[in-house]
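Chemist: Need a 3D model of the sequence below.
(3 chains)
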Amino acid sequence: MKRRVAALAVLAILLLVLPGFAGPYALSVATLILYFAYTGQAWNVMMGFAGQLSLGHSLYVGVGAYAAGALFFHYGIGPWAGLWVAIALCVLLGVAIGFLAFRFGISGVYFALLTIAFAEFTRIGFDHFDWIGGPGGMFLRVAQRDAWDLANFRGPPLMYYYTMLALTAGAFALCFFLLKSRPGYYWQAIRENEEAAQALGINTFRWKMLAVAISAAMTAVSGVFFAFYYNNLFPEQIFHISRSIEIILGPVIGGVGTLFGPILGAALLTLLSDGITEAVAALGWEIPGIKQVFYGLVLLLVVMFLPHGIWPPLAGRLGLRKR
Amino acid sequence: MPLDLVLNVVISGVLTGLVYGLMALGLSVIFGVVRVVNFAHGEMMTIAMYAASVLFAALGLDPFVAMLPIAAAFFVFGYALQAGLINPFITRPEHSQFMLLVAVAIIIVNAMLMIFGPDARNVQVGYQLESFELGRLLIDKARLYAAAAAVVATAALFGFFRFTLLGKAIRACSDNYLGAKVVGLDVKRLYALTFGLGAACVAVAGCAMVLLVEVTPSLGPAYTLLAFVIVIVGGLGSMGGALLGGVLIGVSEALAGLFIAPSAKSMFSFGLLILVLLLRPQGLLGRRS
Amino acid sequence: MNRRTFNRNIALVGAAAALSSFGIARAQAQKLRVGVLLPRSGFQGFIGQSCQKGADLAPGVIKEILGVDIELMHADTETNVDTARTRAERLIQEGAHVLVGPFDSGAAAAIAQVAEQRGVPFVINIAAAPQITEQGYKYVFRNFQTAIDIVRNGLDLIGDLFQATNTVPRSAVFMHVNDTFGQAMAKGIGALLPRRTQLPFKIVDSISYDPAAKDLTVEVSKAKASNADFLLLVCRLNDAILLRREMVKQRWDPMGIVSPGSPGMYEEQYFKTLGKLSEYSISNVPWYNPNAKLTRVVEKAFLKHNPKDKLVFHGLNVGFTFEAILVAADAFRRAKSVDPKTLADALRQTNITEKMTLGGPIKFNEKGQVEGIGSACVQNLNLTPTVVLPANAATAKPVFPAPHYKKA
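Modeler: So this is what the prediction gives:
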């Protein structure tokens, strides 16, 4: 136990001081890693905790982003107020999807396809939704980039890095406490064997819905960050299925259901992607597409030989396993 | 809205839908029996389309003729893929299967990009731009032939599963995995066979599709999604269901495009999927498992 | 490992990293390092590779005409906005003094933010979304028409086309892709067409379609049913080919297919795939001036790098990508420094009259936008994109209506 706390502390300190010795590029990569770590963790709540495979999580990122973005664009409402609207909308959506799915007994692959359908439906819908700019996209005005303005969430890249770090740490802590709490045990029971859990008198419907709601709410925050970090939103990009896949890559590679898996997965994948690009360039193999082939091969190998993700065996090696 | 316009659009929707159904057929067979979520389905069809275009460019083979060798090659490819790569994943959780096939899909798409480059390829056969004229109705020749191929392929597959011993054995595996093993069926081999058959279907669909659509490396994902929509709507494991689902999607998209907005027509497919999932998850012609 | 060694190791790692990130700032005033961002893979791969040809020949030509040394650094945006952003960051990290690219409006918006944040000039080669130069950026420059400019020029050229061929079409059916570009164009047409009272036609139906659609039967059926005189089309390459084929299958022969400004019909694939069917399609697009002196120089270099290819098939892509780099090099020549702020100031003073593309001199207004870039009416004649208007840049006469026109 002490080892785990110590390791966590070292990691936290490293991440806190990272900007001190990382250049702007490394900082932007680090911010991206944390973004995927956080969003992956949010997805992990639905999948790893409640066992529901969501392949349309980009829906919540998009709705969250557009909700806060549109309020800012049309009415000048700042991100902190917009945040609550975003969360509310996403929770509503998540609960609706969850309700429809669980009520009608849809699970497994069918649930996954349902989530894809909702995301795609929304993508095309937003493409025809002129109030938020339609396919032309929504561009948010950036007032300034120099001073830290947390109220309007405008500032230098450093601010965004620390915000994302705080979010990721918060998600980690939240999940840690959730797992240890009553819902956590119920989720584990449901994940292992839903019928048995029901037989024991657990209201599986209620707890599954809670997981969906929490996951959607967390992802909404991710969307709001996205909106104010990137400052332009296009339905084709933000709701696209490839984004949903990006979100789940981290947790699946890192380790679904584990606390640290999504973070490790996000870090490894981003570094892998960058690393392959550099290696390919250094070797002079500048054929378009070759980088993604290598990336796919690595994914393949990890999925084949490390079915529970990289974190569980790694944790064992580092002696950080739970006893 | 003039009647002949609506009729033309509906007929075209039906024909296109049949070809979509053919594409989904392979997935229905694979998903229905092996229960593997083949997210590389569209990509496999893309390979078939490239193969057809290459054979056409090199040997002048009409895609309908090329169907036979390509389907045979794909059978072997599918068999090998299942036996070699996918088999251990049958018992793994869905997200693992999904990731595996997503990785395979990424590799295929980019390998195609590396080999063939980003430019679109196609075949140019003589009858490709011709249509049959029936009064005010114009029926696209290539589409009609492709739809005919779809129906023939479906019938052949149906016959195989209904009347041959092997087909029955495969159906047994899908109906009752444990029971099949108890009875002594070599389930692993049968699964591989099924995957091979599914792949062969995809190959036939690809050869038909290459007459209608140009092939680019990134063509796959949209068709994978479409195949899933059709399979769910039509019913898992049901061959007629795949065709029916395809026709339903084809016609509803066509009508939605005609009366509402063409750019939003895919919304209707997904809307239909959501409705089917909620109201009749086994699909229109599927059986409740 | 005890705490002392641990701390020492951390300190060493930190020092090494800090030193490495400062390593770039060595004085390199002799060469301008231009970071070229283009989609070389992904959905827009073929366009990116076309633009790349314009980039590849740039150093040689620029050395010849300006006597300035430039070094290109390439990055693939992979048709992905996130990748565009991180690649841009990476290029800046590796010492790019100026960024050029990226063909796509979404990627341009992302890179613009990075450029603005890091204070590195960014010269956009091709991207039409008007908002990009409306954000008050100081480091973003665009030598390309906005969608509004494209529409305005396109409509004017259509009027010229009708005059030159003595035709008076009364109706048009407007088809357009429903993506960033198509929507911007549709908006522009909606705003500008009603005010162009000298144009004789009205739009009788407007059909938007999904650029990724593989089946355009319904769309063409609707268009045919409108009985319009000609087709006004805003498209991309693959759907243009699909549409043309579908028109043949449905036996629809309008007076012509005229684009007020979009890619597709002048690209090599269109000719290769459609053969004779590609004839007579018209695209009113920003284009290079076939008679300009600089064009000859670029064409020679193009043929040297691509002996089996013809410049005319890559006119727009090569022309504007080359010019973007030219603009950067010209600013460098005047600034005599690679300091980004100095370069940006020099860019604002740009005034290039000896250029390759049509229109007035390259001069940036206070928003970083060049005004007065010209368009040409490019018609497919003899399987080649041919400039037919304006008359002073034309190499052939326009053909309208198309010979196979059958009144509906």
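Chemist: what's the distance between stretch C:98-113 and the middle of its chain?
Modeler: Distance of stretch C:98-113 from its chain centroid, counting by CA atoms, centre = their mean, to the nearest Å, is 12 Å.
Chemist: Likewise for stretch C:381-401?
Modeler: Between the mean C-alpha location of stretch C:381-401 and the chain-wide mean there is a distance of 21 Å, by CA atoms, centre = their mean.
Chemist: Would you indicate which residues of it are buried?
Modeler: Of all the residues in stretch C:381-401, those buried under the rule 16 or more other CB atoms under 10 Å in any protein chain shown are C:381, C:384-390, C:393-394, C:398-401. Glycine gets a C-beta too; all of them are placed from N, C-alpha and C.
Chemist: Between which two of those residues is the distance greatest?
Modeler: Put simply, by CB to CB the two of these set farthest apart are C:Ala393 and C:Pro401, 23.0 Å from each other.
Chemist: Read off the pLDDT value for B:Arg288.
Modeler: The per-residue pLDDT reported for B:Arg288 equals 55.
Chemist: Flag every residue of the stretch 151-289 of chain B that's near chain A.
Modeler: On the criterion CB under 8 Å from any CB of the partner chain, chain A has as its neighbours in the stretch 151-289 of chain B the residues B:217, B:221, B:225, B:228-229, B:232, B:261, B:263-264, B:266-267, B:270-271, B:273-274, B:277-279, B:281.
Chemist: ok, now which ones touch A:Val302?
Modeler: Listed by CB atoms under 8 Å, 6 or more residues apart in numbering or on different chains, the contact partners of A:Val302 are A:253, A:310.
Chemist: Quick check: it vs A:Leu269, distance?
Modeler: If you measure A:Val302 against A:Leu269 using CB to CB, to the nearest Å, the figure is 10 Å.
Chemist: Give the residues shared as contacts by the two.
Modeler: Common neighbours of A:Val302 and A:Leu269 are listed as A:Ile253 (criterion: CB under 8 Å, 6+ apart).
Chemist: Chain C: strands as residue ranges?
Modeler: Assigned strands in chain C, in chain order: C:31-38, C:69-76, C:98-101, C:122-124, C:140-142, C:171-177, C:202-209, C:230-234, C:257-259, C:282-286, C:375-381, C:384-389 (criterion: DSSP state E).
Chemist: By mean pLDDT, flag the weakest helix or strand of chain C.
Modeler: Here the helix or strand of chain C ranked lowest by mean pLDDT, DSSP states H and E is helix C:3-22, holding a mean of 45.
Chemist: Give me the below-cutoff pLDDT ranges for the chain.
Modeler: This is for chain A. For chain A, the stretches flagged by pLDDT under 70 are A:321-323.
Chemist: wrong one, chain C
Modeler: The model of chain C has pLDDT under 70 over residues C:1-29, C:407-408.
Chemist: care to break it down by domain?
Modeler: When chain C is parsed with automatic domain parsing, its domains come out as C:31-145+C:290-373, C:148-286+C:376-407.
Chemist: Would you tell me whether stretch A:129-143 gets close to chain C?
Modeler: Yes. Looking at stretch A:129-143 against chain C by CB under 8 Å from any CB, the contacts come from A:134-137, A:139, A:141-142.
Chemist: Strands - which of those land there?
Modeler: Short answer: the residues of stretch A:129-143 next to chain C in strands (DSSP E) are A:Phe139.
Chemist: how about the helices in the stretch 101-250 of chain A?
Modeler: Secondary structure of the stretch 101-250 of chain A, counting by DSSP state H, counting those that start in this stretch: helices at A:108-127, A:157-180, A:182-192, A:194-199, A:204-230, A:235-238, A:241-254.
Chemist: Throw those into TSV and include mean neighbour count and distance to chain B, thanks.
Modeler: What follows is these, written out as TSV (neighbours: other CB atoms under 10 Å in any protein chain shown; distance: least, CB to the nearest CB, whole Å):
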stretch	mean neighbour count	distance to chain B
helix A:108-127	23	4
helix A:157-180	17	18
helix A:182-192	17	10
helix A:194-199	13	14
helix A:204-230	23	14
helix A:235-238	24	12
helix A:241-254	24	5
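Chemist: Tabulate these (CSV), appending distance to C:Gly315.
Modeler: Supplementary listing: the helices of the stretch 101-250 of chain A in CSV, determined by distance: least, CB to CB, whole Å:
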stretch, distance to C:Gly315
helix A:108-127, 30
helix A:157-180, 39
helix A:182-192, 59
helix A:194-199, 62
helix A:204-230, 33
helix A:235-238, 27
helix A:241-254, 32
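Chemist: Those: which one's closest to B:Phe163?
Modeler: Distances from B:Phe163 to each of the helices of the stretch 101-250 of chain A were compared by CB to CB, and the smallest falls on helix A:108-127, at 29.8 Å.
Chemist: just the CA coordinates of that closest one, formatted as CSV?
Modeler: This file holds the C-alpha atoms of helix A:108-127, laid out as CSV (Å, rounded to 0.1, in the frame of the first residue of the first chain):
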residue,chain,number,x,y,z
GLY,A,108,-23.4,-6.2,-25.1
VAL,A,109,-22.9,-5.7,-28.8
TYR,A,110,-26.4,-4.4,-29.3
PHE,A,111,-25.9,-1.7,-26.7
ALA,A,112,-22.7,-0.8,-28.4
LEU,A,113,-24.5,-0.5,-31.7
LEU,A,114,-27.2,1.6,-30.1
THR,A,115,-24.6,4.1,-28.9
ILE,A,116,-23.0,4.2,-32.3
ALA,A,117,-26.4,4.9,-33.8
PHE,A,118,-27.2,7.7,-31.4
ALA,A,119,-23.8,9.3,-32.1
GLU,A,120,-24.1,9.1,-35.8
PHE,A,121,-27.7,10.3,-35.7
THR,A,122,-26.6,13.4,-33.8
ARG,A,123,-23.6,14.0,-36.1
ILE,A,124,-25.8,14.2,-39.1
GLY,A,125,-28.4,16.1,-37.2
PHE,A,126,-25.9,18.8,-36.1
ASP,A,127,-24.7,19.0,-39.7
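Chemist: so what's the residue nearest to A:Ala189 when sequence neighbours are not counted up against?
Modeler: What sits nearest to A:Ala189 in space, not counting adjacent residues and going by CB to CB, 6 or more residues apart in numbering or on different chains, is A:Ala197, at 4.1 Å. With contact taken as CB under 8 Å, 6+ apart, A:Ala197 is in contact with A:186, A:189-190, A:204.
Chemist: Please identify the one among those residues that lies nearest to A:Leu306.
Modeler: Proximity to A:Leu306 was ranked across the contacts of A:Ala197 by CB to CB; first place goes to A:Ile190, at 24.9 Å.
Chemist: Most proximal residue of the stretch 251-400 of chain C with respect to chain B?
Modeler: Closest approach between the stretch 251-400 of chain C and chain B, counting by CB to the nearest CB: C:Gln269, at 5.7 Å.
Chemist: dump the residue contacts of that residue.
Modeler: For C:Gln269, counting by CB under 8 Å, 6+ apart, the contacting residues are B:119-120, C:46, C:237, C:241.
Chemist: Neighbour count and distance to chain A added to those, as CSV?
Modeler: Rendered in CSV, the data for these read as follows (neighbours: other CB atoms under 10 Å in any protein chain shown; distance: CB to the nearest CB, whole Å):
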residue, neighbour count, distance to chain A
B:Asp119, 18, 12
B:Ala120, 21, 15
C:Phe46, 21, 10
C:Leu237, 24, 17
C:Ile241, 24, 21
